[in-house]
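Student: Requesting a structural model of the entry that follows:
(one chain, ligands or ions: 1)
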Amino acid sequence: MGYAVFHATKGSGGGGKLGAHIDRDKTQKQTFKSADPEREHLNKDLINNRYSTMKLPDAINARIKEGYKGKTAIRKDAVKFIPMVMTGSHEEMKDIFKSSEKANAWVKANYDFVCKEFGKENIVRFTLHLDEKKPHIHAVVVPLTDDGRLSAKERFGNRNDLSDRQTRYAEQMSPFVLKNISTHIPYGKITAIVGASGSGKTTLLKILLKIYPICKGEISYHGNNISILSPKSIRENS
Ligand SMILES: [Mn+2]
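Tutor: Next up, the predicted model:
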């Protein structure tokens, strides 16, 4: 089975180098040495807003200027941005990007996740890279809180928050990595589903209850294919 990858750090410096990599700044080619120039045109700016047209350090400062409601000057050593990368295991990514429908759904699931976790208005980059080894998204957010403070401590969180976020991400992305499950669940017996958090237990249940659709394969209840059963009848009888 595949897995989803979410990697976030606390940004240091102004974000110039990272911006050059994300935006494929021709004056700083050393920041994207491993990229294939033939495929560069496939990369996509997915937010396409006023921030994404500014250089990254300017976009970060513009967002802070707009959203910061504190009275005091921002400390010089404050964390002003959080860069993150989202991708998945090689096989799964290859599979997802074979179909534009799946790829769009994958991008949207990632975007929804970043919005939920960090606030839509704090996103200053959300870019898909298809010219490196594996498809991945670079997102950059400014850690402004809902009440207008700049706080990586709150937005990025501590070790526990990080682990919870990893779990939520795995959960969000599990429809894309849950594969090759084949089992028979006997009628009238209690069956336990065991797995690490984020491994797809909830997703599997939602699929069984017809809350999520399946992409491939089939599910049947007493020989009746799930497609002919109503979600209501499944929930009442299972
Ligand atoms: Mn990249």
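
Student: From here on, just use CA atoms for contacts and neighbour counts.
Tutor: Noted.

Student: Relative to Arg75, how far out is Gly16?
Tutor: The spacing between Gly16 and Arg75, counted by CA to CA, to the nearest Å, is 19 Å.

Student: who has more neighbours, these two?
Tutor: Using other CA atoms under 10 Å as the criterion, Gly16 and Arg75 rank with Gly16 on top: 14 against 9.

Student: With adjacent residues omitted, what lies nearest to that one?
Tutor: Taking CA to CA, 6 or more residues apart in numbering as the measure, Gly16 lies nearest to Pro57, with 5.8 Å between them; neighbours along the chain are not counted.

Student: Touching, that neighbour and Gly14? I think so.
Tutor: Yes - the pair Pro57 / Gly14 is scored as a contact, 5.4 Å apart, by CA atoms under 8 Å.

Student: pLDDT (mean, whole number) over the one helix or strand Lys108 maps to?
Tutor: Secondary-structure assignment from DSSP states H and E places Lys108 in helix 100-118. For helix 100-118, the per-residue pLDDT values average out at 96.

Student: which phi and psi does the residue nearest to Gly16 have?
Tutor: Phi and psi for Pro57, reported as degrees, to the nearest 10, are phi -60, psi -40.

Student: And Lys10, by the same measure?
Tutor: Backbone dihedrals for Lys10, given as degrees, to the nearest 10, come out at phi -90, psi 130.

Student: What number of residues are in the vicinity of the closest residue to it other than its chain neighbours?
Tutor: Excluding the flanking residues, the one nearest Lys10 by CA to CA, 6+ apart is Ile82, at 4.9 Å. Residues lying near Ile82 (other CA under 10 Å) number 21.

Student: before we move on, what about Ser220?
Tutor: Applying other CA under 10 Å, we find 13 other residues in the vicinity of Ser220.

Student: again, but for Lys120
Tutor: Residue neighbour count, defined by other CA under 10 Å, stands at 15 for Lys120.

Student: Please apply the same query to Val141.
Tutor: Residue crowding around Val141 was assessed by other CA under 10 Å; the count is 25.

Student: and what of the one 4 residues further on?
Tutor: Using other CA under 10 Å, Thr145 is surrounded by 18 other residues.

Student: Any figure for the gap between it and Asn122?
Tutor: Taken as CA to CA, the spacing of Thr145 relative to Asn122 amounts to 9 Å.

Student: elements contacting the helix or strand of the chain with the lowest mean pLDDT?
Tutor: Within the chain, judged by mean pLDDT, DSSP states H and E, the helix or strand with the poorest mean is helix 201-208; its value is a mean of 73. Contact analysis of helix 201-208 by 3 or more CA pairs under 8 Å, 6 or more residues apart in numbering; DSSP states H and E lists helix 159-177 as its packing neighbours.

Student: now the angle between helix 201-208 and the helix it packs on, please.
Tutor: In terms of direction (axes from the mean of the first three to the mean of the last three CA atoms, to 10 degrees), helix 159-177 departs from helix 201-208 by 30 degrees.

Student: for helix 159-177, which positions count as buried?
Tutor: When burial is assessed from 16 or more other CA atoms under 10 Å, helix 159-177 yields the following buried residues: 165-177.

Student: hmm, back to that, pull the next helix or strand along the chain from the helix holding Lys108 out as CSV, backbone CA atoms only.
Tutor: Tracing the chain past helix 100-118, the next element assigned as helix or strand by DSSP H and E is strand 123-129. What follows is strand 123-129, C-alpha atoms only, in CSV (Å, rounded to 0.1, in the frame of the first residue of the first chain):
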residue,chain,number,x,y,z
ILE,A,123,-1.4,30.9,1.5
VAL,A,124,1.1,32.8,-0.6
ARG,A,125,2.3,29.9,-2.7
PHE,A,126,0.6,26.8,-3.9
THR,A,127,2.4,25.4,-6.8
LEU,A,128,2.5,22.0,-8.5
HIS,A,129,5.9,20.8,-9.8
